[in-house]
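# Can you look at this prediction? I've put the sequence above it.
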Amino acid sequence: DNKIAGMSEGDRAKAYFAKFLEAIEDKDYEKAYSYLNEKYKEQYFPDINTFEEYIKTDFPTGRMVVQYNKIERKGEIFVIAVTLNEANNVQELQRIRTVVIRETGTNQFTISFSK
């Protein structure tokens, strides 16, 4: 928490998104699912199986390379434009996403993303 608290806003947003991606890379779908915003989950991923299938088909597999294109802060919300690539195949499998991170406290956040 101290490390996160000492970061700039943009770096905190990146750190939160990195936690989400790390869980996906580690195939810890329950952990990644737990980071999702509740209303977002209800609308798009009502159960973990739906989420896991989506991640397996629409996110790069293995280690990911993230390019942060833009980070904006709107109150307690960060809006981040990212490009995700597979580390072993950077040119082929680009996925462009808009990620919304709601920060409610130090190291307390939820995530939603364009689907």
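Looks like it arrived, so ask away. Just so it is clear, the structure is predicted and the values come from calculations on it, not from any experiment.
# Give the buried residues for the lowest-mean-pLDDT helix or strand in the chain.
Least confident helix or strand, the chain: helix 2-5 with a mean of 80, by mean pLDDT, DSSP states H and E. Residues of helix 2-5 classed as buried by neighbour count (16 or more other C-beta atoms under 10 Å): residue 4. All C-beta spots, glycine's among them, are computed from the backbone N, C-alpha and C.
# And the next helix or strand past it?
Where DSSP states H and E defines the elements, the next helix or strand beyond helix 2-5 is helix 9-25.
# continuing past that next one, what's the next helix or strand?
Toward the C-terminus, helix 9-25 is succeeded by helix 29-34 as the next helix or strand (DSSP H and E).
# hey, C-alpha coordinates of that following helix in CSV?
Extracted C-alpha coordinates of helix 29-34, given in CSV (Å, rounded to 0.1, in the frame of the first residue of the first chain):
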residue,chain,number,x,y,z
TYR,A,29,-9.2,-16.2,-13.7
GLU,A,30,-10.9,-16.1,-10.3
LYS,A,31,-8.5,-13.4,-9.1
ALA,A,32,-8.9,-11.4,-12.4
TYR,A,33,-12.7,-11.8,-12.2
SER,A,34,-12.6,-10.4,-8.6
